[in-house]
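Chemist: coordinates only, sequence not included:
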């Protein structure tokens, strides 16, 4: 959470990162939130914010989701190796 201001990575809100920072709270296990920690994405019309801004926001959101998936897959691998 850059600046510890509650905005989360890339200003996308709390509980949107990989859980590696000090923002972890109850219900967190090894950086993965209960229920996946994925929140609904707020959408605005492209005309309201401009197509370029909407495109950049969508790319940023896709990157955050990809990072979450990567973190989940890493944790799965760690748990499978401990069997």
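Modeler: Noted; the coordinates are in hand. All values reported here derive from a predicted model rather than from experimental measurement.
Chemist: any low-confidence regions in the protein?
Modeler: Applying pLDDT under 70 to the chain flags residues 1-6, 8-49.
Chemist: try 50
Modeler: Per-residue confidence for the chain (pLDDT under 50) gives these ranges: 24-30.
Chemist: quick check: longest helix of it.
Modeler: Identified as the longest helix of the chain according to DSSP state H is helix 51-81.
Chemist: for residue 63, give its distance to residue 7.
Modeler: 16 Å (C-beta to C-beta, to the nearest Å). Every residue, glycine included, has its C-beta placed from N, CA and C.
Chemist: oh sorry, the question was meant for residue 50
Modeler: 21 Å.
Chemist: tell me which of these two has more neighbours.
Modeler: Under the criterion of other C-beta atoms under 10 Å, the comparison of residue 50 against residue 7 puts residue 7 first, with 14 against 10.
Chemist: the longest helix of the chain - contacts with which helices or strands?
Modeler: strand 32-33 (3 or more C-beta pairs under 8 Å, 6 or more residues apart in numbering; DSSP states H and E).
Chemist: repeat the analysis, applying 10 Å as the threshold.
Modeler: strand 32-33, helix 46-49 (3 or more C-beta pairs under 10 Å, 6 or more residues apart in numbering; DSSP states H and E).
Chemist: that one: which residues count as buried?
Modeler: Under the neighbour-count criterion of 16 or more other C-beta atoms under 10 Å, helix 51-81 has 54, 57, 61, 64, 68, 71 buried.
Chemist: can I get the residues you listed in TSV with distance to residue 79?
Modeler: Formatted as TSV, the buried residues of helix 51-81 follow (distance: C-beta to C-beta, whole Å):
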residue	distance to residue 79
54	38
57	33
61	27
64	23
68	17
71	13
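Chemist: alright, calling it a day.
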